[in-house]
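Undergrad: got a structure for you, letters missing:
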């Protein structure tokens, strides 16, 4: 009986030591990633997984490192291995999204992104879904995703801006302008929103107001190329070719 008890203790101690080693190798790999030593990081994640093939964090970290090394297909296999352990691991779905995006497989990236958002209702996940749909010219669907982000955080300026851009693409200029105004209330130095407002004003023939909007953006960033180009365009519309040419030589 005493021998049996000793064997149980040895077994438990061995299991504890192995768990500690697994965590150590995963921790060490993460530290190596932080120092951009990706090759050695991968080796440590592999050691962690050899100790415990079900240690899901090591699978995720390995996949993330493979993505940094642009081994996108390898990372997809790694993330899918993580999902075999836990199909509801949002980090794995997020990694799959990024890998498919890098491979320019946007339909599969969109599917994975939706799964990540379902499991992790964060504003960043909603925004990413919207951006993927925007890239595929699915503008109305993108608006819905940006609205999802704003449900999480009504003051999320990036979602307000992107929703406004999508509404412009859908020819809903009045509502788009409201989104840009809200974004500027949150961040008065949001230069992209000033340019977007200027584009709407210019489209409505309000050239003076459009020039003022572009100038606001340039007060924030005098070298902002987009604002310079649009200001030059509106100056030509205002019959101010000399001022327009002064900008042209800068860009």
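TA: Nice, I can see it. Nothing here was measured: the structure is a model prediction, and the numbers come from that model. Residues are numbered from 1 along each chain as shown.
Undergrad: tell me which stretches of the protein form helices.
TA: 2-34, 38-51, 56-68, 72-85, 90-102, 106-119, 123-135, 139-152, 157-169, 173-186, 191-203, 207-220, 225-237, 241-248 (DSSP state H).
Undergrad: output those as CSV; include the columns mean neighbour count.
TA: The way it works is simple: take the backbone N, C-alpha and C, and place the C-beta from them, glycine included. Formatted as CSV, the helices of the chain follow (neighbours: other CB atoms under 10 Å):
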stretch, mean neighbour count
helix 2-34, 13
helix 38-51, 19
helix 56-68, 23
helix 72-85, 18
helix 90-102, 23
helix 106-119, 19
helix 123-135, 22
helix 139-152, 19
helix 157-169, 23
helix 173-186, 18
helix 191-203, 22
helix 207-220, 19
helix 225-237, 19
helix 241-248, 14
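Undergrad: any chance of a markdown table for those, columns mean pLDDT?
TA: Shown next, in a markdown table, are the helices of the chain (pLDDT from 0 to 100):
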| stretch | mean pLDDT |
| --- | --- |
| helix 2-34 | 65 |
| helix 38-51 | 94 |
| helix 56-68 | 97 |
| helix 72-85 | 98 |
| helix 90-102 | 98 |
| helix 106-119 | 98 |
| helix 123-135 | 98 |
| helix 139-152 | 98 |
| helix 157-169 | 98 |
| helix 173-186 | 97 |
| helix 191-203 | 97 |
| helix 207-220 | 97 |
| helix 225-237 | 94 |
| helix 241-248 | 88 |
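Undergrad: for residue 146, which non-adjacent residue is spatially closest?
TA: residue 163 (3.9 Å; CB to CB, 6 or more residues apart in numbering).
Undergrad: isn't the one you found up against residue 148?
TA: No. With contact defined as CB atoms under 8 Å, residue 163 does not count as touching residue 148 (10.3 Å).
Undergrad: so what sits against both of these two?
TA: Counting by CB atoms under 8 Å, 6 or more residues apart in numbering, the contacts common to residue 163 and residue 148 are residue 130.
Undergrad: name all residues that make contact with the residue nearest to residue 146.
TA: 130, 143, 146, 147, 150, 179.
Undergrad: which residues does residue 97 contact?
TA: 109, 112, 113, 116, 128, 132.
Undergrad: where's it relative to residue 132, distance?
TA: Computed as CB to CB, to the nearest Å, the residue 97 to residue 132 distance reads 8 Å.
Undergrad: tell me, what's touching the two both at once?
TA: 109, 113.
Undergrad: and residue 171, how many neighbours?
TA: As a burial measure, residue 171 scores 8 neighbours (other CB atoms under 10 Å).
Undergrad: list phi and psi for it.
TA: Torsion angles at residue 171 (phi, psi; degrees, to the nearest 10) stand at phi 70, psi 20.
Undergrad: now do it, the pLDDT please.
TA: pLDDT for residue 171: 96.
Undergrad: and it, how close does it get to residue 139?
TA: Counting by CB to CB - residue 171 and residue 139 are separated by 10 Å.
Undergrad: got the contact list for residue 75?
TA: 63, 64, 66, 67, 95, 99.
Undergrad: would you turn the residues you listed into TSV with distance to residue 51?
TA: Shown next, in TSV, are the contacts of residue 75 (distance: CB to CB, whole Å):
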residue	distance to residue 51
63	18
64	19
66	20
67	23
95	22
99	26
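Undergrad: pick the one among those residues closest to residue 156.
TA: residue 95 (23.1 Å; CB to CB).
Undergrad: test my guess that that closest one contacts residue 79.
TA: Yes. Assessed by CB under 8 Å, residue 95 is found in contact with residue 79 at 4.7 Å.
Undergrad: any common contacting residues for those two?
TA: 60, 63.
Undergrad: now the most centrally placed residue in the chain: closest residue in space that isn't a chain neighbour?
TA: In the chain, the centroid-proximal residue (CA atoms, centre = their mean) is residue 128; its distance is 5.2 Å. Computed as CB to CB, 6+ apart, the closest residue to residue 128 that is not its neighbour in sequence is residue 113, at 5.5 Å.
Undergrad: sweet, I'm off.
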